[in-house]
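Okay, structure incoming, though there's no sequence with it:
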């Protein structure tokens, strides 16, 4: 009798598949686990101060982040009023290129919920003008005046943003408002000043043209040619009372009452319709422009750069002495 050989018996579960591990690219099936690499033997740390062994990787130097530049403008939104404050009192709030960038970031894209923008300044003075050290450094880097032109273009854009803002802009002025500070205040719709406010344009004494942010055409429109001519050519200071008579300021109060004077203007304006304010501001700006045959403010940066570059070139020739 033939007997079939009996199939070998294996212990149960002797041939099990590898454990189930989901493949990253699918939710079904199994994927063998990745083989484990043998541990890398670690050498004992070298004593402190000992030279690194030959061929050892050199650790990368730690990257120390550069400190963020100090901000020169502070802002705070209170209801429908945006408060923008020049905040560099140690320099007399001198207008730098960085300050103009910060102002543009706040003013260039208006928020329709904002009805009033109050422009103020920290410290004793509103603003003592442009930063002369930065302007001179710009000439050293680019004697053709390229840096000055870029700075002047930013200044014009900031002042235009104040003039053309759909919100009503209010300047809160204390102490001195000189040069660029004068221009920033004059670009606002309403201007309240403390009784210690003083306005001045000393550009001629500094060898500069009155060409910053479109100041000259606005001043001619607001004050009148005869008075502006005298203020510019003499460079004399204009006190708060005279500034009100000339419409450079529309209101003068003791400094401790300045915030309340600004608030008295802002309160009723915040209740106005956004559309009505926007259209009214557009009408006022268009009628002001209609009184000028041309807007020479677009040339401000070119004029400033040309004059400063020429003066810088003349000084450099004098420093070289006579040709041998």
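Thanks, I have it. Note that this is a predicted model, so its numbers are computed, not measured.

and residue 287, what is it in contact with?
Residue 287 sits next to no residue when contact means CB atoms under 8 Å, 6 or more residues apart in numbering. Bear in mind the C-beta positions are built from the backbone N, C-alpha and C, glycine included.

Buried ones in the helix or strand where it lies, by neighbour count?
Secondary-structure assignment from DSSP states H and E places residue 287 in helix 274-290. For helix 274-290, burial by neighbour count (16 or more other CB atoms under 10 Å) applies to 277, 281.

Report the mean confidence score over that helix.
Averaged over helix 274-290, pLDDT sits at 82.

swap in stretch 118-131?
pLDDT averaged over stretch 118-131 gives 96.

Strands of the stretch 151-300 of the chain, start to end?
168-173, 176-178, 190-194, 198-200, 238-239, 251-253 (DSSP state E, counting those that start in this stretch).

Is residue 82 in a helix, a strand, or coil?
What DSSP: H, G, I helix; E, B strand; the rest coil gives for residue 82 is strand.

Go ahead and confirm it touches residue 114.
Yes. Using CB atoms under 8 Å, residue 82 is in contact with residue 114, at 4.8 Å.

and the two? which has more neighbours close in?
More crowded of residue 82 and residue 114, by other CB atoms under 10 Å: residue 82, with 23 against 18.

if we can go back for a sec, so for residue 82 and residue 114, which residues contact both of them?
Shared contacts of residue 82 and residue 114, counting by CB under 8 Å, 6+ apart, come down to residue 167.

Not counting its neighbours along the chain, what's nearest residue 239?
Closest residue to residue 239 apart from its sequence neighbours, by CB to CB, 6 or more residues apart in numbering: residue 198 at 5.8 Å.

which residues touch the one you found?
Per CB under 8 Å, 6+ apart, neighbours of residue 198: 175, 176, 177, 237, 238, 239, 240.

Among those, which one has the most neighbours?
Neighbour counts for the contacts of residue 198 peak at residue 177, which has 31 neighbours (criterion: other CB under 10 Å).

how close does that one sit to residue 165?
As judged by CB to CB, to the nearest Å, residue 177 and residue 165 stand 20 Å apart.

I'd like to know how many residues surround residue 113.
11.

now swap in residue 227 and tell me
Neighbours of residue 227 under the rule other CB under 10 Å: 17.

Who are the contact partners of it?
residue 246.

Excluding sequence neighbours, find me the nearest residue to residue 99.
Leaving aside its sequence neighbours, residue 99 sits nearest to residue 72 (CB to CB, 6+ apart; 4.4 Å).

for residue 197, that is, sorry about that
Distances taken as CB to CB, 6+ apart place residue 240 nearest to residue 197, at 4.3 Å, with adjacent residues excluded.
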